[in-house]
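[1] Structure for this input, please:
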Amino acid sequence: MVSRYFTHEADGKAPVALLYCAGGQWKRSVTAKYMPCYDSSTGAVIAMAPQCTAGEVEEAIAAASAAYPSWRDTPVAKRTQILFRMKVLLEQNLDELTHLCAQENGKKWDEAMGDVLKVIEVVEFACGAPHLMKGESLFNVSSGYDTVRYNEPMGVFAGIAPWNFPAMIPQGWMAPICIVTGNTLVLKAASFAPQCAMRITELWYEAGLPPGVLNLVTTSRAEAEIFLKHPAIRGVSFVGSTSVGKHIYGVAASNGKRVQALTEAKNHALVLSDCVLERVVPSIINSFCGCAGERCMALPVVVVENAIADKFVAAITEAAKKVNLGLAYDKATGMGPVVNQGHKDFVLGWIETGIKEGAKLVLDGRKPVIPEACKNGFFVGPTIFDYVTEEMSVGRQEIFGPVLCIKRVNSFEEGLKIMNANPFANGSVIYTESGAKARAFAYRTDGGMVGINVGIPVPLGIFGFTGHKQSFFGDLHCMGRDGFIFFTESKNVTTTWFAGKSTPVTTSTWDGTMAR
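    Presented below is the predicted three-dimensional model:
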């Protein structure tokens with residue numbers, strides 16, 4: 001295959017301009033609009049992502065449509081063989097993909113590696129397709145009649161991915177199950193951070209994927225709107241903001257498409273006075289500083305019982321001060337940058353909002369200490385607000401940065417009430433040594449993914465990603481059993497055979513299938 005890159009200048013020193021993939025071929029866009037992709041740690045422009053034209057998006061959809069019939073007819077065991085090879089290729093290229101992710105997104109090394117390992121996790125799960133696609137059957141549903149239910153692929157899907165997990169979301173949450181079930185896919189990779197998705201697309205084709213089964217574009221929201229209405233698109237998988245998710249869900253569903261839209265979060269943790277504080281503090285540091293807070297399963301709010309609140313705030317602040325910032329791809333770094341200057345400004349704006357709303361700023365990350373090599377990078381240090389109340393938007397809305405809001409309460413019941421009042425419900429965490437309170441919390445919380453002394457309760461891909469309330473729009477979640485149902489549709493086949501003299505001459509309204 002042709003490389004995904006080309007350069008503007010013959011000397012090769014200018015930032016590379018990226019291509020799009022349609023029909024298994026990497027092509028140069030005719031657009032005049034390109035978006036810069038940065039090394040988040042240094043601020044250097046490392047690539048330019050094309051804002052593909054409407055015609056190029058249509059071309060990718062047409063390529064997926066053309067590839068679908070033969071891919072659908074490929075036996076599932078043969079489709080699975082490609083995933084086995086894909087797993088090996090991902091493992092062989094793990095360091096390269098980790099560096100790409102760390103560079104273009106800003107995750108520190110082990111977080112970036114985890115981004116890629118999560119792709120491998122779902123590829124491994126999707127290798128179970130010959131079993132997970134099986135239907136059901138029953139002899140003699142009525143006398144002499146048998147019924148078999150098959151799970152079949154549907155056609156072309158669109159995947160609209162965000163920038164915060166540039167490998168895991170497009171190439172883990174979206175691609176493996178869609179592909180192995182016999183569908184074809186057009187990915188819209190995030191223009192801020194598309195190179196992981198592009199490199200992994202190359203690996204899919206190296207693994208033996210037929211041309212057109214997986215296609216990839218980078219484009220603006222205007223051109224992405226095509227996916228929501230195009231008659232060839234059977235379903236849309238989206239991860240991003242709640243406002244855009246609602247729009248995608250409404251428009252695509254009204255055009256007869258399946259939709260799963262995973263959206264924003266404001267996850268809360270309830271810290272009770274009986275918790276093991278020395279274990280809780282590092283867990284919460286990881287949960288709000290990990291990935292620089294740019295994940296929908298981050299832990300940006302802690303609801304702490306007053307009995308231990310002062311002690312907790314002192315401990316968490318001291319620990320946060322020790323987090324060292326640096327180059328994302330330096331393995332000694334404790335926290336990397338946010339993705340770009342625009343998002344850094346967004347996070348800083350929320351810190352200003354918290355101050356104006358009256359929250360107590362106990363740790364200010366607006367001017368963090370960073371290495372000289374990072375002076376032009378997009379860094380925000382760990383930031384902590386105390387005495388955040390329910391009237392403050394800083395404690396209700398998603399910030400998507402390393403900002404922790406602390407809300408003080410007098411009891412378990414008061415804390416749970418505050419948590420369930422939030423419109424988002426991705427994750428929900430409790431720190432306690434009380435089995436009774438942990439069980440009550442798990443039963444009564446609105447959160448779709450619950451952690452009991454676990455700060456980031458993201459389940460393995462075999463279970464799926466189960467956000468609730470304003471964090472998810474749709475009926476079927478990504479990955480897990482839901483993932484296989486989302487990418488397939490059921491067909492029931494009922495059969496009878498005419499067997500000579502015993503065959504009745506007449507038939508009923510229900511043609512013999514009524515068993516009463």
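
[2] which residues sit in contact with the closest residue to Val239 other than its chain neighbours?
    Closest residue to Val239 apart from its sequence neighbours, by CB to CB, 6 or more residues apart in numbering: Leu262 at 4.5 Å. Where you see a C-beta, it was placed from the backbone N, CA and C, and this is true even at glycine. With contacts defined as CB atoms under 8 Å, 6 or more residues apart in numbering, the neighbours of Leu262 are Phe238, Val239, Gly240, Gly245, Cys296, Phe465, Gly467, Ser471, Phe472, His477, Cys478.

[3] Give me the subset of those residues lying in helices.
    Counted as lying in helices by DSSP state H, out of these, are Gly245.

[4] Closest one of the contacts of Leu262 to Ala175?
    Closest approach between the contacts of Leu262 and Ala175, by CB to CB: Cys478, at 11.2 Å.

[5] any idea how far Leu270 is from the closest residue to the closest one other than its chain neighbours?
    Nearest residue to Cys478 in three dimensions, chain neighbours excluded: Trp173, at 4.7 Å (CB to CB, 6+ apart). Noted for Trp173: a distance of 28 Å to Leu270, by CB to CB, to the nearest Å.

[6] cool, Thr184 as well?
    For Thr184, the distance to Leu270 - CB to CB - is 44 Å.

[7] more crowded one of the two?
    Between Thr184 and Leu270, Thr184 has the larger neighbour count (other CB atoms under 10 Å), namely 30 against 26.

[8] quick one: that one from Ala328, how far?
    Taking CB to CB, one finds Thr184 at 34 Å from Ala328.

[9] Also Ile179?
    30 Å.

[10] do the same with Ser243
    To Ala328, Ser243 is 29 Å away according to CB to CB.

[11] more neighbours, the two?
    Ala328 (28 against 10).

[12] Over to that one. Which of the three states is it?
    coil (DSSP: H, G, I helix; E, B strand; the rest coil).

[13] so it touches His99, yeah?
    No. Using CB atoms under 8 Å, Ala328 is not in contact with His99, being 9.2 Å away.

[14] any idea which helix is longest in this structure?
    Counting residues, the longest helix in the chain under DSSP H turns out to be helix 54-73.

[15] Dump the C-alpha coordinates for that one into CSV.
    What follows is helix 54-73, C-alpha atoms only, in CSV (Å, rounded to 0.1, in the frame of the first residue of the first chain):
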residue,chain,number,x,y,z
ALA,A,54,-18.3,15.9,0.4
GLY,A,55,-17.4,14.0,-2.7
GLU,A,56,-14.5,12.2,-0.9
VAL,A,57,-16.8,11.2,1.9
GLU,A,58,-19.3,9.9,-0.7
GLU,A,59,-16.4,8.1,-2.3
ALA,A,60,-15.5,6.3,0.9
ILE,A,61,-19.2,5.3,1.4
ALA,A,62,-19.3,4.0,-2.1
ALA,A,63,-16.2,2.0,-1.6
ALA,A,64,-17.7,0.5,1.6
SER,A,65,-20.9,-0.3,-0.3
ALA,A,66,-19.1,-2.0,-3.1
ALA,A,67,-17.0,-4.1,-0.7
TYR,A,68,-20.0,-5.2,1.4
PRO,A,69,-21.6,-8.1,-0.7
SER,A,70,-18.4,-10.2,-0.9
TRP,A,71,-17.4,-9.4,2.7
ARG,A,72,-20.8,-10.4,3.9
ASP,A,73,-20.6,-13.7,2.0
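
[16] Mind giving me the packing neighbours of that helix?
    Under the contact criterion of 3 or more CB pairs under 8 Å, 6 or more residues apart in numbering; DSSP states H and E, helix 54-73 touches strand 20-22, strand 145-153, strand 156-160, strand 184-188, strand 214-217, helix 221-229.

[17] Let's have those in TSV, adding mean pLDDT and distance to Asp446.
    As requested, those are exported to TSV (pLDDT from 0 to 100; distance: least, CB to CB, whole Å):
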stretch	mean pLDDT	distance to Asp446
strand 20-22	97	40
strand 145-153	97	31
strand 156-160	98	26
strand 184-188	98	30
strand 214-217	98	36
helix 221-229	97	29
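
[18] sorry, back to before: which residues are in contact with the longest helix of the chain?
    Counting by CB under 8 Å, 6+ apart, 20-24, 27, 29-31, 79, 152-153, 155-156, 158, 182-186, 210-213, 215-217, 219, 223-224, 226-227, 230, 232-233 sit against helix 54-73.

[19] Any chance of a ChimeraX selection covering the buried ones in the residues you listed?
    Applying 16 or more other CB atoms under 10 Å to the contacts of helix 54-73, the buried members can be selected in ChimeraX as follows:
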select :20,21,22,23,24,27,29,31,79,153,155,156,158,182,183,184,185,186,210,211,212,213,215,216,217,219,223,224,226,227,230,232,233
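
[20] got the contact list for the nearest residue to Lys331 once chain neighbours are set aside?
    Excluding its sequence neighbours, the residue lying closest to Lys331 (CB to CB, 6+ apart) is Trp109, at 4.7 Å. By CB under 8 Å, 6+ apart, Trp109 lies in contact with Thr98, Ala102, Ala328, Tyr329, Asp330, Lys331, Thr333.
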